[in-house]
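Engineer: A predicted structure for the sequence below; I have some questions about it.
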Amino acid sequence: MHTIMLKAKLHMARVTHAVLNYEGSCAIDGALLDMSGIRENEQIQIYNVENGQRFTTYAIRAEEGSKVISVNGAAAHLASEGQRVIICSYAHYSDAELENHHPALVYLQEGNVVSHTSNAIPVQLA
């Protein structure tokens, strides 16, 4: 049996571009892709913190160090420049793989600068 688990997350990324007339996808700073382990052409889920939209697309590489998060094609209707988004990827893991699985969590601050990383989400307190 396999379980679908969070593989990676870019938390509170700021959309830098929303380009309607583009082939599609989401361009992400190559350094952020590498840090998170999200691969080029990998399916990603984007959760727009500002308007509640949730959508699926795929990641493409933007220039390393550019801090670019560009939502392209039809998805540009769902996220605008300046909005905060959470970008996640998921993967299928076997029971054996789950024993050592920890997601790559990359937390961003203004300007899409990394504030810190983690491999565990804190327990939510009551």
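Structural biologist: Looks like it arrived, so ask away.
Engineer: where along the protein do the strands fall?
Structural biologist: Counting by DSSP state E, residue ranges of the strands within the chain are 2-14, 17-19, 25-29, 43-48, 54-62, 69-72, 84-94, 104-109, 113-118.
Engineer: Burial-wise, tell me which of these comes out on top.
Structural biologist: With neighbours defined as mean count of other C-beta atoms under 10 Å, the strands of the chain peak in mean count at strand 69-72, which reaches a mean of 24. C-beta coordinates here come from the backbone N, C-alpha and C atoms, glycine included.
Engineer: which strands and helices sit next to it?
Structural biologist: Other elements packing on strand 69-72 under the criterion 3 or more C-beta pairs under 8 Å, 6 or more residues apart in numbering; DSSP states H and E are strand 2-14, strand 17-19, strand 25-29, strand 54-62, strand 84-94.
Engineer: In JSON lines: those, plus distance to residue 123 and mean pLDDT.
Structural biologist: Putting the helices and strands packed on strand 69-72 into JSON lines (distance: least, C-beta to C-beta, whole Å; pLDDT from 0 to 100) gives the following:
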{"stretch": "strand 2-14", "distance to residue 123": "15", "mean pLDDT": "98"}
{"stretch": "strand 17-19", "distance to residue 123": "35", "mean pLDDT": "97"}
{"stretch": "strand 25-29", "distance to residue 123": "29", "mean pLDDT": "97"}
{"stretch": "strand 54-62", "distance to residue 123": "24", "mean pLDDT": "97"}
{"stretch": "strand 84-94", "distance to residue 123": "19", "mean pLDDT": "98"}
